[in-house]
Every structure is written in C-alpha cells, then in structure tokens.
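> What would the 3D arrangement of this be:
(chains A and B)
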Amino acid sequence: MKDKKAGLLVGIFMLLGVAAFIYLAMQVSGLAFNDKTQGYTIQARFDDIGGLTDRAKVTIAGVTVGQVESIEYDKEYYMAKVVMTIFSEVDNIPTDSSVAILTSGLIGEKYLGISIGAEEEVLHNGDELYDTQSALVLENLIGQFLMNAGSDN
Amino acid sequence: MGLVKNLFAGVYGFIESLGQSGIFLFQSLFRLPIRWGEAIRLYVRQVYSVGVLSLIIIIVSGAFIGMVLALQGYSILTSYGSESAVGQLLALTLLRELGPVVTGLLFAGRAGSALTAEIGLMKATEQLSSYEMMGIDPLRRVIAPRLLAGITCMPILALIFSAVGIWAGMMVSVNWLGVYEGSFWASMQQSVFFDTDIMNGIIKSFVFAIAVVWIAVYQGYVCQPTSEGIGRATTRTVVMGSLAILGLDFLLTAAMFGDF
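As a prediction, this is how the structure comes out:
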C-alpha cells in the first residue's frame, strides 16, 4: 500500500522533471522543431554587423517575419554575409527593399529591419538584398561628431 | 620533522581513502541486484525518499531565488533603460550556474546528510552485518539503489529549480515591475541556446550528483558505528559535498565557457 503511493509520487516527480525540461527547451531557449522547413532564405552583405548574432529577429514594420540563420565573413568582398530565413507567408518583399541593423533599447539586442521598396518583383529563395545599412557603432559616431566640431572652428 | 611526517601521513591517508571510495563506487554500481523486480522496487523507494521529499525545498528556494534575481537585475538594468534584458539575465544565471549549484548544495544538506545518517545508523545497529550473515551483499541491497536514485534525481531537481525560478522571476518582472512580456521572452530566447546553456547545466548537475551521492554513501558506509561517529560523518558529508560542488563548478565552468 505504501509502496504504491510512493510509486505514484515518484511517477509524478519524473513527469515534473520532463515538464520542466520541455518548458526550458521550448519557452526559454526558443527551440522549435519545425525551424528550417518553413520559410525561404535570403542574404545581405554588411560593412559592419556590430554585434548582430545568430537567431536575431528580422522585422518588417517592427513585426518579426524571420530570423538570422548564419553570419560569416565574405573574403571576396571584405564584408559580413548574413543569411536570414523569412517566414513563407511573407512572400511579397520587393527586390529593391533595404535592410538595416537596428538596436532595441540602449544596450538591447541587435536585430534586422527591412524597409519595403517600390519594385514589382519580389524576393525568392537565395536572393540578395543589396541596399544595406550597417550597425551604428558608437565610436564612429563620436569620431564623426568630433570631426564636425573641429571643422566648424 | 613532526610536521613533515604529519603532512605525509595526511596525504597518504587522503590517497588511500580516495582509492578505497573508488573501489567502493565501482563495486556498488557494477554489482547490480539479483532480480530486476526487486531492484526496481528498491530504486523507486529511494527515488521517493531522495527526490520526491526534496521537491518542496527545491521549489520554494527556486521561486525565491528567481524573484530576488528579477528584483536585483531590474534595479540595475532599469538605470540603463534596458529592463527587458532581465529575462536574459534570469535565464542565463539560473540555467548555467544557480540551478545546478544551489540544487547541489541543498541536495547535499537535505538528501546527502540523510543518506549518510541512515547508512551510518544501519551500520551502528549492525543491519549491514546481518545482511552479510544472510548472504545478501549490502553494497547491492543498500548502497547501489541509493547511489543510482541520487544520481538520477539531482538533474531532475535542478531542471525543476531552474524552471520554477524563471517562472517566478517572470511573475515578478512582468506582473509586478511592468516589464513588457514580449521583450522579456524575446531577450531570453535570443540569448539562451539549447546545447550550450541547457545541456551544459544538465551535465553540471549530473557531475555534482555523482560527487555528492558518492561522498554521502561512502561516509555513511565507513563511519565509526557510534552516535558521535554518525554525527561527524554527517557533518563531513555536507562540508565535503558542498566544497566538491563549488570546486567542480569552477572546473566545469572553465571547461564549458572558458574559451573566449
């Protein structure tokens, strides 16, 4: 009788452990099982990614429409090549759209924002966005400010 | 001259007991009980007393640590205007460090001391020798189920600790301090990686479990079979177990997150 109750409680204990594991995997680390199957990939080259990381979100009008898949150094162009996955239901991004690296908050995470262009043609799997705007690097901004202040005098 | 001799004897004794406890661990783990039904029954009972009974203290301390982390993190991050990063802070601290380490320390205090005292009392009341008289190996019947139960329970407890801590921290920061819930989860999901953070936390708690349970059952098994001896062995379990966890944590952290 006592053994049966202990067995039941041990079962509940182990189920709690499994539930905690699933909660941590899905909700906390954002692991999704159907990650790569939905959506198409596009790429863009930046002069300076300034702390953008894998799995950063890609937004249009502030709404998340995809995520950064990989970031690597492009030896040929001396630039950073960013590959991103866009959800398949967002299939009408014009080819002349521009993409910028933005920051949420003062020291928040970096993300990509796509500004829509005017072209009739839309992006497909493997296409590239050519109009890119690099991350704002604080040192460069301060440098420019000091240069301007110097030239005024 | 006496100092050198004492030091030598101390080192000798340490190495000797390390070797003996290694043989002890090997013998208990690789001489499994005779019948599977019996083994599972013994194992389930130990999981009950080691894991289920530790659940309350793990859940309560996980909740309070999560809430404190959220409050402290918020009060610092809000001065930079980035209070949404409190989710990232909470998840990384709990999954990488506090989950395995605090669970290990609580486990050493709650379950490790109980294991040592129980086995020590079995020895003092000559239950272990009576098992031997009956032709039953006490290592198989008493030690092995406790070792296996402890080693499997602690990672589960650490997972529950982290999950409860993150949930409680979420309650404090979102419902009380007014952090926007979407950016709380977004900052967390972007910085927490399944293989580096969650799996490394599980590996850590697994290593801590082996260390603590090994120390606990060995101390109980070799203690002086007197009431004073059992008391000393229990103290030693908690002290050595806690120190082992903190030392191993440094080594594991250096190995896992040390390459910049």
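
> Check the burial of residue 103 by counting its neighbours.
The chain I'm using is chain A. Look at residue A:103: counted by other Cβ atoms under 10 Å in any protein chain shown, it has 16 neighbours. Every C-beta, even on glycine, is put in place using the N, C-alpha and C of the backbone.

> not quite, I wanted chain B
30.

> next one: the one 4 residues further on
Neighbour count for residue B:107, taken as other Cβ under 10 Å: 30.

> Quick check on it: phi, psi?
phi -70, psi -40 (degrees, to the nearest 10).

> how close does the residue nearest the centre of chain A sit to chain B?
The centroid of chain A falls nearest to residue A:56 when counting by Cα atoms, centre = their mean (2.2 Å). Distance of residue A:56 to chain B, computed by Cβ to the nearest Cβ, to the nearest Å: 6 Å.

> For the longest helix along chain B, buried residues please.
The longest helix of chain B (DSSP state H) is helix B:227-257. Buried residues in helix B:227-257, counting neighbours by 16 or more other Cβ atoms under 10 Å in any protein chain shown, are found at B:230, B:232-234, B:236-238, B:240-242, B:244-245, B:248-249, B:252, B:256.

> which one of these is nearest residue B:121?
Nearest to residue B:121 out of those is residue B:230 (Cβ to Cβ; 6.2 Å).

> residues in contact with the closest residue to that closest one other than its chain neighbours?
Of all residues not flanking residue B:230 in the chain, residue B:120 sits nearest, at 3.9 Å (Cβ to Cβ, 6 or more residues apart in numbering or on different chains). By Cβ atoms under 8 Å, 6 or more residues apart in numbering or on different chains, the contact set of residue B:120 is B:219, B:220, B:223, B:225, B:229, B:230, B:233, B:234.

> any idea how far the first one is from residue B:14?
Right, the one you point to is residue B:219. Distance, residue B:219 to residue B:14, by Cβ to Cβ, to the nearest Å: 14 Å.

> Please identify which of these two sits among more neighbours.
residue B:219 (27 against 10).

> CA atoms only for stretch B:241-248 - export them in CSV, please.
C-alpha atoms of stretch B:241-248 as CSV (Å, rounded to 0.1, in the frame of the first residue of the first chain):
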residue,chain,number,x,y,z
GLY,B,241,29.9,17.7,-0.6
SER,B,242,29.5,21.5,-0.7
LEU,B,243,33.2,22.1,-1.3
ALA,B,244,33.3,19.4,-4.0
ILE,B,245,30.4,21.1,-5.8
LEU,B,246,31.9,24.6,-5.7
GLY,B,247,35.4,23.3,-6.8
LEU,B,248,33.9,21.2,-9.6
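
> Would you check that residue B:188 makes contact with residue B:94?
No - Residue B:188 lies out of contact with residue B:94 (Cβ atoms under 8 Å); the separation is 10.5 Å.

> So between the two, which is more surrounded?
residue B:94 (29 against 25).

> That one contacts residue B:166, correct?
Yes - using Cβ under 8 Å, residue B:94 makes contact with residue B:166 at a distance of 5.9 Å.

> hmm, who's touching stretch B:76-88?
A:104-109, B:70, B:73-74, B:89, B:169-170, B:173, B:177, B:179-180, B:183-188, B:190-192.

> just the buried members of these?
Buried among the contacts of stretch B:76-88 (16+ other Cβ under 10 Å): A:104, A:108-109, B:70, B:73-74, B:89, B:169-170, B:173, B:179, B:183-188, B:190-192.

> what domains does the record give for chain A?
Structural domains annotated on chain A: A:1-31, A:40-142, as defined by automatic domain parsing.

> ok so residue A:80 is a strand residue?
Yes - under DSSP: H, G, I helix; E, B strand; the rest coil, residue A:80 falls within a strand.

> Check it and give its pLDDT.
Residue A:80 carries a pLDDT value of 92.

> next one: the one 5 residues further on
Residue A:85 is assigned a pLDDT of 88 by the prediction.

> Please tell me how far the nearest residue to it once chain neighbours are set aside sits from residue A:123.
Once flanking residues are discounted, residue A:85 sits nearest to residue A:39: 4.5 Å by Cβ to Cβ, 6+ apart. The gap separating residue A:39 from residue A:123 is 12 Å, by Cβ to Cβ.

> Tell me the residues that contact both of these two, please.
residue A:86.

> How about the residues of chain A by chain B?
Contact residues, chain A versus chain B (Cβ under 8 Å from any Cβ of the partner chain): A:3, A:6-7, A:9-10, A:12-14, A:16-17, A:19-21, A:23-25, A:27-31, A:53, A:55-57, A:104-109.

> repeat that with 7 Å
Counting by Cβ under 7 Å from any Cβ of the partner chain, chain A comes close to chain B at A:3, A:6-7, A:9-10, A:13-14, A:16-17, A:20-21, A:23-25, A:28-31, A:55-56, A:105-109.

> which residues of chain A fall in strands?
A:40-46, A:57-60, A:63-74, A:79-86, A:98-103, A:110-115, A:128-129, A:131-133 (DSSP state E).

> Turn those strands into a markdown table, columns for distance to residue B:210.
Output for those, formatted as a markdown table (distance: least, Cβ to Cβ, whole Å):
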| stretch | distance to residue B:210 |
| --- | --- |
| strand A:40-46 | 43 |
| strand A:57-60 | 40 |
| strand A:63-74 | 37 |
| strand A:79-86 | 40 |
| strand A:98-103 | 44 |
| strand A:110-115 | 40 |
| strand A:128-129 | 51 |
| strand A:131-133 | 51 |
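
> Residues touching the longest helix seen in chain A, excluding its own?
For chain A, the longest helix by residue count, based on DSSP H, is helix A:2-23. For helix A:2-23, contacts defined as Cβ atoms under 7 Å, 6 or more residues apart in numbering or on different chains pick out B:41, B:44, B:45, B:47, B:48, B:51, B:52, B:55, B:156, B:159, B:160, B:163.
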